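Engineer: how would this look folded up:
(chains A and B)
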Amino acid sequence: MKARVFITLKNGVLDPQGKAIGHALNGLGFDSVGEVRQGKVIDLELSGSDAAKAKEDLKAMCEKLLANTVIEKYEIEIK
Amino acid sequence: MKSAVIVFPASNCDRDAKVALTQMTGKAPAMVWHQDSELPDVDLVVLPGGFSYGDYLRCGAMASQSNVMREVKRHADKGGKVLGICNGFQVLTESHLLPGALMRNAALKFVCKPVGLEVSETQSAFTRKYENGQRVTFPVAHGEGSYFADDETLDRLEGENRVAFRYARGENPNGSARDIAGILSEKRNVLGLMPHPERVVDKVLGGTDGRALFQSLIENLT
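Structural biologist: Below you'll find the model as predicted:
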């Protein structure tokens, strides 16, 4: 089973990298770009075929290590 | 006072800490490797600056999961003193020994320079030899030192007098909330700070403002 975890900063947490990316895009002439927020994607391969169990495990992984829930939120996608 | 310095792969201020502790206490600290699952019997554990585990995932995240950190947590739970400097502060927040998080500097640049600080709390084993409000200069050297916590946590830190060091007015180098440079744990036995007191214990190396931090600990622990 494959899973993808999206980790992004919580709303309201300042994202200076996102801001810099936005400025750079504006500089390239992409005037339509407003606020930009960036994050990371982690792809995982999991053994087993129980999607519910996988989701539960992934949630624990996010809480324990993959995300810092003080500043980040996460979304889990199972493929 | 007996001390130990934890050495993670890519720690790079572990030897600075060793030199400072040796000079200040007259005894060399035990150097403890991150895979060790035992801590020697010490009064103070120092988590040094550097780039533990290459800053993979998040600064301090991998280090917080290492064998030795379980022992450091146990040491802290028993009331043992823990000092986390720079990357060590990041490890402490990732390990939940201190609240909040250290984020990318607001200006996105690595900052390496001496910075003016204010000692904002002297009622602690780490700061009692300073004067309240004393201005000191410690070097900073970090790319991710912007202290963040929600307002409720910040209010609590201030209400409980747990902000030990603040950047002096106009000198906040990284966008830290409320100019916070260093904080104490609830039991006041853990201190994390981004600036480097261990680099200012010898005139030859540019200053002696950090000496009082070590003298505070020595007085408290011997």
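
Engineer: Give me the neighbour count for residue 20.
Structural biologist: Using chain A here. 15 (other CB atoms under 10 Å in any protein chain shown). Glycine gets a C-beta too; all of them are placed from N, C-alpha and C.

Engineer: actually chain B
Structural biologist: Residue B:20 has 27 neighbours, counted by other CB under 10 Å.

Engineer: what's the answer for residue B:37, then?
Structural biologist: 9.

Engineer: Just list whatever residues bridge to the residue of chain B found nearest chain A.
Structural biologist: Chain A sits closest to residue B:101 of chain B, with a gap of 4.4 Å, by CB to the nearest CB. For residue B:101, the beta-bridge partners are residue B:148 (DSSP bridges).

Engineer: Grab the nearest non-local neighbour of residue 69.
Structural biologist: If you meant another chain, say so; for now it's chain A. residue A:63 (6.4 Å; CB to CB, 6 or more residues apart in numbering or on different chains).

Engineer: The intended chain is chain B.
Structural biologist: The shortest distance from residue B:69 to any non-neighbouring residue, by CB to CB, 6+ apart, is to residue B:95 (5.7 Å).

Engineer: I'd say the one you found and residue B:61 touch.
Structural biologist: No - look at residue B:95 against residue B:61 with CB atoms under 8 Å: they stay out of range, at 9.5 Å.

Engineer: Not counting sequence-adjacent ones, nearest residue to residue B:33?
Structural biologist: In space, residue B:33 is closest to residue B:7, 5.5 Å off (CB to CB, 6+ apart).

Engineer: Give me the pLDDT for the one you found.
Structural biologist: Residue B:7 carries a pLDDT value of 98.

Engineer: likewise the one 4 residues further on?
Structural biologist: Residue-level confidence at residue B:11 comes out at 96, pLDDT.

Engineer: Give me the nearest residue to it, chain neighbours excluded.
Structural biologist: residue B:50 (3.8 Å).

Engineer: To what extent is the one you found buried, counted in neighbours?
Structural biologist: Close neighbours of residue B:50, defined as other CB under 10 Å, add up to 24.

Engineer: right, and it touches residue B:15 too?
Structural biologist: No - when contacts are counted by CB under 8 Å, residue B:50 is not listed as touching residue B:15 (10.3 Å).
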